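Asks: What follows is a predicted protein model with its sequence.
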Amino acid sequence: MQDLKITLIQSDLHWEDIGANLASFEEKIWQIGESTDVIILPEMFTTGFTMNAPELAEMMNMKTTKWMKQMADQTGALILGSFITNVHERYFNRLLWMEPGGHHKTYDKRHLFRMANEHQVYSPGESLLIGTWKGWRICPLVCYDLRFPVWSRNRYNSSERRPAYDLLVYVANWPMVRSNAWETLLKARAIENLSYAAGVNRVGMDGNGVEYNGLSAVVNPKGDTIFSVESSETIKTIQLNAHSLQAYREKFPAYLDADDFSIEIERMEEYDYLSGLS
């Protein structure tokens, strides 16, 4: 592993306006001004956190997918962000992992925010995504997932003698009223998983009158905040230190004492079939 440069883009969003948001983020990406390995965008970065899925959902390989491929190709970076997808009239809050060249993976938000009725509009994901990029193993998750530590637990890979991932990423639309939970839980996820944790949130006010103050942050495995920014639109590149991560894990291998467990998920046959088509 070499050091990894990640870029956080904390931004206001144009409410339910896909074209305006893609144009805005394209401009922000060109403002990065230095080479980077990973570019992280907020949750539902093309629309804001809306339940208007029937009007705004896209099929895969359409506008947003093609835009992310273009941005990945032009920057040479992995692009992460979630948007609304339609799979045979079922809607998903889908994070897209897009690499240069068009190779991509997806993660569908598992924990749907019932306080906004997200669970009544969207279908939950059923599998965790851990991908490899530049020698780092990255686990990307979405907003409300942050509150559920079992889902993100970093398992020890005995065959490779290392934890399953090195970086947790949360893309979010996390309201200002619960910002203390956001900051606290980001630190907790980093500490308990002996991993870097990066959270990218939005700022501004959405079409429902919900206010967001960002607090996008990067936390190291000890729980120290390397970077955090409140309220303002910000583009920030942080270099994650591979040697520090490995040295700390060797000195404090708490993952070797973790409890073994399994997660049981009630599967939907229709989803298993459709996921192969998406």
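Replies: It's in.
Asks: So which residues of the protein form helices?
Replies: 18-30, 53-56, 63-75, 118-121, 179-193, 242-251, 269-275 (DSSP state H).
Asks: could you check the angle helix 18-30 makes with the third one?
Replies: Read it as helix 63-75. Angle, helix 63-75 to helix 18-30, by axes from the mean of the first three to the mean of the last three CA atoms, to 10 degrees: 10 degrees.
Asks: Dihedrals phi and psi, the closest residue to residue 263 other than its chain neighbours?
Replies: With CB to CB, 6 or more residues apart in numbering as the criterion, residue 263 has its nearest non-adjacent residue at 6.6 Å, and that residue is residue 150. The C-beta positions use only the backbone N, C-alpha and C, and glycine is treated the same way. Dihedral pair for residue 150: phi -60, psi -40, per degrees, to the nearest 10.
Asks: Run a quick neighbour tally on residue 150.
Replies: 7 (other CB atoms under 10 Å).
Asks: quick one, what contacts the closest residue in space to residue 93 that isn't next to it in sequence?
Replies: In this structure, residue 93 finds its nearest non-sequential neighbour in residue 109, 4.0 Å apart by CB to CB, 6+ apart. Each residue near residue 109 by CB atoms under 8 Å, 6 or more residues apart in numbering is listed here: 82, 92-95, 122, 124-125, 141-145.
Asks: Apply 6 Å and report the result again.
Replies: Residues near residue 109 by CB atoms under 6 Å, 6 or more residues apart in numbering: 93, 125, 142.
Asks: picking that back up, compare the helices of the chain and give me the one nearest residue 235.
Replies: For residue 235, the closest of those is helix 18-30, at 5.8 Å, according to CB to CB.
Asks: which residues sit against that closest one?
Replies: Helix 18-30 is contacted from outside by 9, 13, 14, 46, 67, 71, 235, using CB under 6 Å, 6+ apart.
Asks: ok so, going back, return the member of the contacts of residue 109 nearest to residue 247.
Replies: Using CB to CB, the contacts of residue 109 come closest to residue 247 at residue 142, 30.7 Å.
Asks: Can you give me the pLDDT of the closest one?
Replies: pLDDT, residue 142: 98.
Asks: Repeat that for residue 25.
Replies: 98.
Asks: what's the answer for residue 275, then?
Replies: For residue 275, the pLDDT comes out at 38.
Asks: Mind jotting down where the strands sit in the stretch 51-200 of the chain?
Replies: Along the stretch 51-200 of the chain, the stretches classed as strands by DSSP state E, counting those that start in this stretch are 78-87, 90-98, 104-108, 131-133, 136-142, 156-157, 162-163, 167-171, 196-200.
Asks: With respect to residue 260, which of these lies nearest?
Replies: Across the strands of the stretch 51-200 of the chain, closest to residue 260 is strand 156-157 (CB to CB), at 9.4 Å.
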